[in-house]
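Student: structure of the sequence below:
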Amino acid sequence: MLNPSNKFIALITFLLIAFSSASFAQKAPDFTLNGDKGKVKLSDYKNQVVYVDFWASWCKPCQKSFPFMNDMESRYGKKGFKIIAINLDSDRSAAKSFLKKHPAKFTIAYDPQGKTPNLYELKVMPTSYLIDRRGNLVNVHKGFKKNQTADLERLFVKTINKK
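Tutor: Predicted coordinates for the structure are as follows:
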């Protein structure tokens, strides 16, 4: 038989398990940045699944990620999936040169001061953050390799289909 203090510990343990991270998901930090078509504000994408990708002109894996992101935006954009790619170059002309070689069919934003990566605790380039329709961070993906695209796409579809 459990004594009162053990009953209390068992109850707290049960509550912690019952109300795990799904109930207290981490909200994605909001941001407002300049983009090619005006201001880009994460909170304007409410009720959509958003893939926030941090990139720079010097990043070799970023070159490989752009065709994948173009494909994902064209396949799932009408289902509420949006990509925001945030450039971190201090010189916008470097970003523009990159975009001429690797055009983007998704939203581009610029953060030359690098404030947004601090909000997201960015460690490596590229890093992408998947945000669900409720504004919760669902996944962090570091780097980019073509052999990971099928898994990423499955994650996107699962998040898009979750209501």
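Student: hey, where'd the strands end up in the protein?
Tutor: With DSSP state E applied, the chain shows strands at 32-35, 38-41, 49-55, 81-87, 107-110, 127-131, 137-142, listed in chain order.
Student: dump these to CSV, plus mean pLDDT, mean neighbour count and distance to residue 71.
Tutor: Bear in mind the C-beta positions are built from the backbone N, C-alpha and C, glycine included. Output for the strands of the chain, formatted as CSV (pLDDT from 0 to 100; neighbours: other Cβ atoms under 10 Å; distance: least, Cβ to Cβ, whole Å):
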stretch, mean pLDDT, mean neighbour count, distance to residue 71
strand 32-35, 97, 16, 21
strand 38-41, 97, 13, 21
strand 49-55, 98, 24, 12
strand 81-87, 98, 23, 10
strand 107-110, 98, 20, 15
strand 127-131, 97, 21, 14
strand 137-142, 95, 16, 16
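Student: Serialize those to a markdown table and add fields for distance to residue 161.
Tutor: Output for the strands of the chain, formatted as a markdown table (distance: least, Cβ to Cβ, whole Å):
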| stretch | distance to residue 161 |
| --- | --- |
| strand 32-35 | 28 |
| strand 38-41 | 26 |
| strand 49-55 | 10 |
| strand 81-87 | 11 |
| strand 107-110 | 22 |
| strand 127-131 | 13 |
| strand 137-142 | 13 |
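Student: out of the ones you listed, which gets nearest to residue 100?
Tutor: strand 107-110 (12.5 Å; Cβ to Cβ).
Student: the closest one pairs with which strands, parallel or anti?
Tutor: strand 32-35 (antiparallel), strand 81-87 (parallel) (DSSP bridges).
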